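> just need the structure, nothing else, for what follows:
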Amino acid sequence: MQKEHAILVSIVALIWGGSFIAVKIGVESISPVTLAFFRFAVASPLMFLILAGKGKIVRVSPNEIPLLIVLALTGVTLLYILQFTGIKYTSATNSALLINTNVLFIAIFSWIFLKETFSYRKLMGVLLAFTGAIFVISKGSLSISPSMKGDMLILLSAICWAVYSIVGKKLLEKYDALSLTTYAFVIGTFLFIPFVYHDLWSIKITIKEWAVILYLALLCSVFAYVAWYYALKRADATEVAIFLNLIPLFTMFLAHLVLKERITIFTLIGASFIIYGIYVTLSEKKGEGYG
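I've put the predicted structure just below:
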């Protein structure tokens, strides 16, 4: 990977790492569902304009619309309802670590539904990362912690992301990645409406909340996605994906700095297992299945 691409995806990882801190601040005074809706209500029109500017607006086959709706539900609406609600009840650090388990669910689902190879190396990566998740969630105790509800919601959102990735993989055989992401954003925004309709008429958004929304919409959803796809086109996909491991590290540092979240020995052990497990899963040699 060239130096400029490595710098670009590192910046993307930093921005996405900061999103967990932004959400944690945002959900203090606005409901997680409303925050998620406004993120995509701002981002979707901008993504559509970028898509139009690149001349990549394509007509979708009517028989693929149900798949697009599934893509929007699992990659936008349900994903962020679960994720933002989870962040409200657990720490930003836990959220960033646990959401990365989506890589493991993708590997498992690819094996089950796409009949991709599930090698010994993949199995070891999955086991290592799930061991880390247990450390993060349990904090070294067998008792149920107050944050466990949030941790479970984050894991459910990771499963949503895995479903989104599996469905998206089928559609990517025919459509451009940026086009699919934009269509998922737009449809997903409309699918939020039943969840936020009653709250929209009474909600009051402060300057602080708008700052959070704009950070999530402009940086996390627009700039980061466009930059990510730019890097993917010019570098090996596995090399780019490895940089996702920086996200929980950036989040851990920023959460300690901004939110004063305590980093325990069990968090560090869990983080090490998760990140190394994901690295093992992603760094599989070409031709041996997912990754």
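
> where's the closest residue to Val103 other than its chain neighbours, which helix or strand?
Nearest residue to Val103, sequence neighbours excluded (Cβ to Cβ, 6 or more residues apart in numbering): Ile278, at 4.9 Å. Where you see a C-beta, it was placed from the backbone N, CA and C, and this is true even at glycine. Using DSSP states H and E, Ile278 sits within helix 265-282.

> for that helix, which positions count as buried?
Within helix 265-282, the residues that count as buried by 16 or more other Cβ atoms under 10 Å are 266-267, 270-271, 273-282.

> of the residues you listed, closest to Ile106?
Of all those, Ile106 sits closest to Thr281, with 8.8 Å by Cβ to Cβ.

> so who does the closest one touch?
Taking Cβ atoms under 8 Å, 6 or more residues apart in numbering, we find Thr281 in contact with Val103, Leu104, Ala107, Arg121, Lys122, Gly125, Val126, Ala129, Tyr290, Gly291.

> which strands and helices sit next to the helix or strand where Phe250 lies?
Using DSSP H and E, the element containing Phe250 is helix 246-258. Contact partners of helix 246-258 among helices and strands, from 3 or more Cβ pairs under 8 Å, 6 or more residues apart in numbering; DSSP states H and E: helix 3-26, helix 92-99, helix 265-282.

> mind putting those helices in CSV, distance to Leu73 and mean pLDDT included?
Below are those laid out as CSV (distance: least, Cβ to Cβ, whole Å; pLDDT from 0 to 100):
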stretch, distance to Leu73, mean pLDDT
helix 3-26, 20, 93
helix 92-99, 17, 91
helix 265-282, 25, 84
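
> Phe192: which of those is closest?
Of all these, helix 3-26 sits nearest to Phe192, with 15.4 Å by Cβ to Cβ.

> just how off-centre is that closest one within its chain?
11 Å (Cα atoms, centre = their mean, to the nearest Å).

> so for that helix, what gets flagged as buried?
The neighbour-count criterion (16+ other Cβ under 10 Å) identifies 5, 8-9, 12-26 as the buried residues of helix 3-26.

> one more: stretch 29-44?
Using 16+ other Cβ under 10 Å as the test for burial, stretch 29-44 gives 30-44.

> output it as CSV, nothing but the C-alphas.
Output of stretch 29-44 as CSV, limited to C-alpha atoms (Å, rounded to 0.1, in the frame of the first residue of the first chain):
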residue,chain,number,x,y,z
SER,A,29,-29.7,14.5,25.6
ILE,A,30,-31.3,13.1,22.5
SER,A,31,-32.7,9.6,21.9
PRO,A,32,-30.4,7.1,20.1
VAL,A,33,-33.0,6.5,17.3
THR,A,34,-33.5,10.3,16.7
LEU,A,35,-29.7,10.8,16.6
ALA,A,36,-29.3,8.0,14.1
PHE,A,37,-32.1,9.3,11.9
PHE,A,38,-30.7,12.9,11.7
ARG,A,39,-27.2,11.5,10.9
PHE,A,40,-28.6,9.8,7.7
ALA,A,41,-31.2,12.5,7.0
VAL,A,42,-28.2,14.9,6.6
ALA,A,43,-25.8,12.4,5.0
SER,A,44,-28.1,10.7,2.4
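
> so Glu261 is in which element?
For Glu261, there is no host helix or strand (DSSP H and E).
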